[in-house]
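Engineer: Provided below for reference: sequence and predicted model.
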Amino acid sequence: MFPSVREVLELDPVRNGAPRVVAGERGLDQAVRWVHSSEVPDIATLLRGGELILITGIGLPPDDAGLRRFVAEIADVGACGLAVEMGRRFERRLPAVMVRTAEELGFPLVELHRGTPFVLITQAVHGMIVDAQLAELRATAEIHQRFTDLSVEGAAPAEVVAQTAALAGAPVVLENLSRQVLAYDAAGGSAELLLANWEAHSRAVQPAGRTGHDAGKGWLVTVVGARGQDWGRLLIRLPVARDRDVTLIERAAATLALARLTKRDEHQDALERQAQSALLVALVGHTAPVADVIVRAKALGVHLERRQLVGVVLRGCSAGVAARALRDTSLAGLAGALDGDLVGVLLALRAAEDEPDALRRLAVRVRELAGGAVVVAAGEGVATPREARRSLLEASQVAVSVRRPAAGPGDVVRLADVGLPGLLHMLRDEPRLQTFVERELGPLLAHDARNPREQLLGVLRVYLECGRNKSAAAEHSHLSRPAFYERLARIRRIIGADLDDVQACLSLHVALLALDAQRD
């Protein structure tokens, strides 16, 4: 990290010059990237920004207009300060026009009242800068090494976030595009305070660019994603962001993106169930040729060819329960753990007409063995192993979308049973759906986050659920019609949509249902 003007003024060679800051104190925390000594009046053309200028003043213009122009020009090009040795050109104090101009610009202006060789100041400052650059290089090398190790080890997102917080010495949050927290590390602070009202707080953090620092909110932010598919944001709470911090957050984001691309499930089942799980994962993930899966399944005693194949996904029981239920009901198939808390079953039936009875028997036995509410979801039956992936994926999507418990022990949920809310629940982690929600409702959600007492989203929800009947919606909201109409007008201005247009309202209603699914 480069030294600030304030830190430079504390160096012995500078203090020996009896420095006195006469203007621009609010700029003393600017970083000094170099020290430049010259008596050239048009020195501004030689500067690149971040320089501390040392002069005696002998080359400065003789008139007030020239002095004002000199100070303004070096401030405009990004110099961080000007130190003038007194006694050569100016006896006891700098001209008032220089002091006034520097103060207006917040540009540090320093008088040196004792003679000091400028070379000693230059050497001291440049020594600090070189040390800072070496420290930055060492820190950057450590960052790359740490995250390379995490990538090789296949670290979970929580580990990556914890390592980021340790290196930054600050709280870190990983969120998805709906501003839901996926992982966090409070860096020794209060997790409750860090995550309190997180969605509203996060929506207010809007840095410029893919990686940026929101100085007003005090967060360094970068987008997380790979192959053109963004799926979240990583945030570090920092009042000031250094180059090293930008390297840290971008390296952490790359590690998270890579982990998501290369993640593979690990199963702890018995040997036979582990083999079956591997076959199911190979079918779903296309990680092995279908012909190989057929041969390996046959070796396990399950024939997939010339069979009616039905993908079933269970939520709320173990793979062991699913395997035992297959044995107890004398049904042929594969059973194993899938992603998260889901268990997959691929039934291999001799005829399509056996499907309803087989699914009912399996559902009854699974619930008996599990001793609790288990979601049993089934995909469409298919005739070839090559289509089995589609049936399993459909069953998986249905299983995660079901919100209500089964009415009876033999109930099986199919895609036709879930409706639009269920479909949106299936897709709730899809970045494109999250992007759609943000496009449709983001401005309104941001408005409500800034105005917690108003909550216009609820007004929009009532209006749409009442079929765009304003009178009924006003009554349902317990508002007078003028008050309700005024709020609708505000919503229209905020989101830029015509609330009388059927298509616009349809998009908004779907976005609201998707938001509910994401918050569920």
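Structural biologist: Noted; the coordinates are in hand. Numbers count the residues shown, from 1 in each chain.
Engineer: go ahead and confirm residue 441 touches residue 494.
Structural biologist: No. Under the criterion of C-beta atoms under 8 Å, residue 441 is not in contact with residue 494, lying 9.9 Å apart. For glycine as for every other residue, the C-beta is placed from the backbone atoms N, C-alpha and C.
Engineer: hey, where'd the strands end up in the protein?
Structural biologist: Using DSSP state E, the strands assigned to the chain run over residues 19-23, 34-37, 51-55, 81-85, 109-112, 172-176, 181-185, 211-214, 219-226, 229-237, 308-315, 333-337, 342-349, 375-378.
Engineer: in JSON lines: those, plus distance to residue 63, mean neighbour count and mean pLDDT.
Structural biologist: Shown next, in JSON lines, are these (distance: least, C-beta to C-beta, whole Å; neighbours: other C-beta atoms under 10 Å; pLDDT from 0 to 100):
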{"stretch": "strand 19-23", "distance to residue 63": "19", "mean neighbour count": "18", "mean pLDDT": "92"}
{"stretch": "strand 34-37", "distance to residue 63": "24", "mean neighbour count": "18", "mean pLDDT": "86"}
{"stretch": "strand 51-55", "distance to residue 63": "17", "mean neighbour count": "23", "mean pLDDT": "90"}
{"stretch": "strand 81-85", "distance to residue 63": "17", "mean neighbour count": "24", "mean pLDDT": "92"}
{"stretch": "strand 109-112", "distance to residue 63": "18", "mean neighbour count": "23", "mean pLDDT": "92"}
{"stretch": "strand 172-176", "distance to residue 63": "55", "mean neighbour count": "23", "mean pLDDT": "91"}
{"stretch": "strand 181-185", "distance to residue 63": "60", "mean neighbour count": "19", "mean pLDDT": "85"}
{"stretch": "strand 211-214", "distance to residue 63": "42", "mean neighbour count": "18", "mean pLDDT": "94"}
{"stretch": "strand 219-226", "distance to residue 63": "46", "mean neighbour count": "22", "mean pLDDT": "90"}
{"stretch": "strand 229-237", "distance to residue 63": "50", "mean neighbour count": "22", "mean pLDDT": "91"}
{"stretch": "strand 308-315", "distance to residue 63": "83", "mean neighbour count": "25", "mean pLDDT": "93"}
{"stretch": "strand 333-337", "distance to residue 63": "84", "mean neighbour count": "27", "mean pLDDT": "89"}
{"stretch": "strand 342-349", "distance to residue 63": "81", "mean neighbour count": "25", "mean pLDDT": "93"}
{"stretch": "strand 375-378", "distance to residue 63": "85", "mean neighbour count": "27", "mean pLDDT": "92"}
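Engineer: in a markdown table: these, plus distance to residue 413.
Structural biologist: Below are these laid out as a markdown table (distance: least, C-beta to C-beta, whole Å):
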| stretch | distance to residue 413 |
| --- | --- |
| strand 19-23 | 74 |
| strand 34-37 | 68 |
| strand 51-55 | 69 |
| strand 81-85 | 70 |
| strand 109-112 | 75 |
| strand 172-176 | 26 |
| strand 181-185 | 27 |
| strand 211-214 | 43 |
| strand 219-226 | 32 |
| strand 229-237 | 27 |
| strand 308-315 | 10 |
| strand 333-337 | 18 |
| strand 342-349 | 13 |
| strand 375-378 | 5 |
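Engineer: of all those, which one is nearest residue 489?
Structural biologist: strand 211-214 (30.7 Å; C-beta to C-beta).
Engineer: local confidence estimate at residue 1?
Structural biologist: Residue 1 is assigned 66 on the pLDDT scale.
Engineer: low pLDDT regions in this structure?
Structural biologist: Where the chain drops to pLDDT under 70, the residues are 1, 133, 227-228, 262-275, 299-300, 340, 403-407, 520.
Engineer: just give me the residue right at the centre of it.
Structural biologist: Closest residue to the average C-alpha location of the chain: residue 233 at 1.0 Å, with C-alpha atoms, centre = their mean.
Engineer: I'd assumed residue 223 was in contact with that one.
Structural biologist: Yes. Here residue 233 reaches residue 223: they are 5.8 Å apart, a contact under C-beta under 8 Å.
Engineer: any idea how far residue 485 is from the residue of the chain most remote from its centre?
Structural biologist: Centroid-distance maximum for the chain: residue 91 at 58.0 Å, with C-alpha atoms, centre = their mean. Here residue 91 is placed at a distance of 74 Å from residue 485 (C-beta to C-beta, to the nearest Å).
Engineer: ok, residue 20 next?
Structural biologist: Separation of residue 20 from residue 485 (C-beta to C-beta) stands at 65 Å.
Engineer: in contact with residue 158, which residues?
Structural biologist: 183, 185 (C-beta atoms under 8 Å, 6 or more residues apart in numbering).
Engineer: can you rerun that using 7 Å?
Structural biologist: Going by C-beta atoms under 7 Å, 6 or more residues apart in numbering, residue 158 touches residue 183.
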